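Trainee: any chance you can model this:
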Amino acid sequence: MSVRGELVRLGVRLLLKRPERGASVERLRARRRAAAAVTPRPPTDTTTTYIDANGVNAHRIATPASRGDRHILFLHGGGYATGSPSNYRHVTWRFASAARAVVIAPDYRLAPEHPFPAALDDAFASYRWLLANGADPRRIGILGDSAGGGLAFALLLKLRDAGLASPAAIVALSPWTDLALTGASLRLNARADPMINAESASDFATCYLAGADPRAPYASPLYGDWRKAPPALIHVGSDEVLRDDSVRMADRLRSAGCEVELEIWRRMPHVWHALAPILPEARRAIGRIGAFLENRL
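Mentor: As a prediction, the model looks like this:
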């Protein structure tokens, strides 16, 4: 880990408040909106347009490196209750350039107003919009972080069950794949994780599930049937409370005979990729994602 990485990790712990248990959704959303207001904008040669993807508002991000026949469906994190594509405008253009693709980032509906399976329905609608507008599934990748990473895996299951063509690849960054909260790292890394409060995960799960089974594969893809899934790349930090959601997901994919690459980055915080403007490990990780997608799209 670089010296800058250690300093960033310390700064994250000191300056960013982890979600406390019992915090209201509106309070957490207000933090996200405030963060979006100061999130760096992409370079001037990046084009961001706002589209209606089968009734779902979405951002379309393209850079000079983007090829029109390659697409990434990006599903943002935020515990299914907070966040939007605007929180990621400083990094989605980097994914587009690294993979030489156009990024579609749906602003999917959030809980508790729209509980499970609303987010999945919106992700599914956005993918169908891509297909209807001529996108070749062999040149589509799905990318998601945190809750969006779990949503990305859930989308694969729904696409298969609906008889639609799967994308060429999936990339999941610190994915939340088990809303039943059975991973040992929730306990083992509770003190080490500088960003995520393990206890708050229960509140987010309750908010999203609204009484649904936490082991339902569309909510917790860890419990799904993963035969014939497309190649997957999973990134997670070694000290994350969600580390075991990634490790066990990779194990499930391997057991089903799927191609999966699990990279556990030493001492990296939750979704460190979002720190690309200041963190060299984030830029290296994005380069790794770009290479993975380049080889498959």
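
Trainee: report pLDDT for A36.
Mentor: For A36, the pLDDT comes out at 82.

Trainee: cool, and E26?
Mentor: So E26 comes in at 89 (pLDDT).

Trainee: pull out the buried residues from the host helix or strand of it.
Mentor: Element membership for E26, per DSSP states H and E: helix 25-38. Buried residues in helix 25-38, counted by 16 or more other CB atoms under 10 Å: V25, L28, R29, R32. For glycine as for every other residue, the C-beta is placed from the backbone atoms N, C-alpha and C.

Trainee: so who does the spatially closest residue to the third one that is not a sequence neighbour touch?
Mentor: Closest residue to R29 apart from its sequence neighbours, by CB to CB, 6 or more residues apart in numbering: T82 at 5.0 Å. Residues near T82 by CB atoms under 8 Å, 6 or more residues apart in numbering: V25, L28, R29, R31, R32, L110.

Trainee: repeat for Y208
Mentor: G79, Y80, A81, A111, P112, P115, F116, A119, A147, L179, A219.

Trainee: so which of those would you say is closest to A37?
Mentor: A37 lies nearest to A81 out of the contacts of Y208, by CB to CB, at 19.3 Å.

Trainee: what about A34, distance to P175?
Mentor: 26 Å (CB to CB, to the nearest Å).

Trainee: need the pLDDT of A219.
Mentor: 98.

Trainee: does it touch A118 like I think?
Mentor: No - between A219 and A118 there is no contact under CB atoms under 8 Å: 11.5 Å.

Trainee: comparing those two, which shows the higher neighbour count?
Mentor: A219 (27 against 17; other CB atoms under 10 Å).

Trainee: which element, helix or strand, includes that one?
Mentor: Using DSSP H and E, A219 falls outside every helix and strand.

Trainee: who's in contact with the closest residue to S202 other than its chain neighbours?
Mentor: Leaving aside its sequence neighbours, S202 sits nearest to L181 (CB to CB, 6+ apart; 6.2 Å). For L181, the contacting residues are A201, S202, A205, P214, by CB under 8 Å, 6+ apart.

Trainee: likewise for A118?
Mentor: Y108, R109, A111.

Trainee: got a PyMOL select line for the buried ones in these?
Mentor: Of the contacts of A118, the buried ones go into a single PyMOL selection, burial set by 16+ other CB under 10 Å:
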select buried, resi 108+111
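
Trainee: among the contacts of A118, which one sits closest to E261?
Mentor: Among the contacts of A118, and counting by CB to CB, the member closest to E261 is Y108, at 26.4 Å.

Trainee: R296 versus the closest one, what's the distance?
Mentor: 24 Å.

Trainee: now F116
Mentor: On the measure of CB to CB, F116 and R296 end up 29 Å apart.

Trainee: more neighbours, those two?
Mentor: A side-by-side neighbour count of F116 and R296, using other CB under 10 Å, places F116 first with 23 against 20.

Trainee: surely that one and P214 touch.
Mentor: No - using CB under 8 Å, F116 is not in contact with P214, being 9.7 Å away.

Trainee: for the residue nearest to L130 when sequence neighbours are not counted, give me phi and psi.
Mentor: Of all residues beyond its chain neighbours, the one nearest L130 is H71 (5.8 Å), with distances taken as CB to CB, 6+ apart. Dihedral pair for H71: phi -140, psi 150, per degrees, to the nearest 10.

Trainee: what's the answer for L143, then?
Mentor: phi -130, psi 130.

Trainee: show me what contacts the residue lying closest to it once chain neighbours are set aside?
Mentor: Leaving aside its sequence neighbours, L143 sits nearest to V171 (CB to CB, 6+ apart; 4.4 Å). When contacts are counted by CB under 8 Å, 6+ apart, V171 is found next to G141, I142, L143, G144, A152, A232, L233, I234, H235, I289, F292, L293.

Trainee: hmm, try it at 7 Å
Mentor: V171 makes contact with G141, L143, L233, I289, F292, L293, according to CB atoms under 7 Å, 6 or more residues apart in numbering.

Trainee: then S146?
Mentor: G77, S174, P175, W176, H270, V271.

Trainee: name the nearest residue to A35, ignoring sequence neighbours.
Mentor: N87 is the one closest to A35 (CB to CB, 6+ apart), at 6.0 Å.

Trainee: surely that neighbour meets A36?
Mentor: Yes - counting by CB atoms under 7 Å, N87 sits close enough to A36 to count as a contact (5.0 Å).

Trainee: which pLDDT value goes with the residue positioned nearest the centre of the chain?
Mentor: For the chain, the residue nearest the mean C-alpha position is D145 (1.7 Å; CA atoms, centre = their mean). Note for D145: predicted pLDDT of 98.
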